[in-house]
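Q: Got a sequence here, can you model it:
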Amino acid sequence: MPTAILVDGGFFIKRYRQIYTHAVDQSPQKVAKNLHEICLKHLSSNQKETRSLYRIFYYDCPPLSKKAHNPVTKKAIDFSKTGEAAFRIALHSELRKVRKVALRLGRLSDSSNWLIKPEKLKELLSKKISIDDIQENDLLYEIKQKGVDMKIGLDIASLAYKKLVKQIVLIAGDSDFTPAAKLARREGIDFILDPMWNPINQDLHEHIDGLMSTCPQPKRK
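A: Numbers count the residues shown, from 1 in each chain. Predicted coordinates for the structure are as follows:
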């Protein structure tokens, strides 16, 4: 029974850092290794039918490669030289080396807008602070992924229509996948959602065939 595993990279990295908190787990090499192990555990879960891996699809975007000036300090920031950019580039390089992993890259779109972080915006609107109290690190540069959700949906449709697999596991955390999941299920595909222990809306259960997380369960605070 071939299984395809699709990973929303943006969600995965955010959730991974909440679960794997030790410094030893944060290198691109270790993240790639742990991701592979998390995916393979879906093939060896307690079920009667033996499953084989068709392919792991990892969806992400290359880091932003432009410069911008922070509105507070007027300091120039080269996003291509940030630690996060270096991490993403190295992670993508590591994943390309892993057998049966396919990298699906979209692109990042920026609006050249700076946003105040939500917690600081709340303080500003409640007049606990003034605009003069906003510091350099209180701002975020607005960046959005383009093409990632579309690539996930197209791959689910292609896998289903071509009868390439009998099961699809999606590692993601939102409901954008619902139309694609419905299509796959209509084509007889067993559709499993892995939210990495993140809570999901109850109405999502009617659009999937199972819910299963294979990463370590985070400790409750």
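Q: which residues of this structure fall in strands?
A: 2-8, 52-60, 67-69, 76-78, 101-105, 107-116, 139-146, 167-171, 190-194, 210-211 (DSSP state E).
Q: what about the nearest residue to residue 149 once chain neighbours are set aside, distance to residue 99?
A: In space, and not counting its chain neighbours, residue 149 is closest to residue 176: 5.2 Å by C-beta to C-beta, 6 or more residues apart in numbering. C-beta here means a position set from N, CA and C on the backbone, and glycine is covered the same way. Using C-beta to C-beta, to the nearest Å, one gets 29 Å for the distance from residue 176 to residue 99.
Q: Low-confidence ranges, this structure, go.
A: Residues of the chain meeting the criterion pLDDT under 70: 46-48, 221.
Q: what about the helices in it?
A: Taking DSSP state H, the helices of the chain run over residues 9-19, 28-40, 83-97, 118-125, 148-161, 178-186.
Q: Now the third one: buried residues?
A: By neighbour count, with 16 or more other C-beta atoms under 10 Å as the criterion, the buried positions of helix 83-97 are 85, 87, 88, 91, 92, 94, 95.
Q: So what touches it?
A: 13, 28-29, 31-32, 35, 58, 60, 62-65, 79, 101, 103, 105 (C-beta atoms under 8 Å, 6 or more residues apart in numbering).
Q: Show me the two of these that sit farthest apart.
A: Checked with C-beta to C-beta, the contacts of helix 83-97 reach their widest spread between 79 and 101, with 25.8 Å between them.
Q: ok, how many other residues are close to the closest residue to residue 185 other than its chain neighbours?
A: Nearest residue to residue 185 in three dimensions, chain neighbours excluded: residue 191, at 5.4 Å (C-beta to C-beta, 6+ apart). Neighbourhood size, residue 191 [other C-beta atoms under 10 Å]: 22.
Q: how far away is residue 191 from residue 87?
A: 31 Å.
Q: Same check on residue 130?
A: To residue 87, residue 130 is 35 Å away according to C-beta to C-beta.
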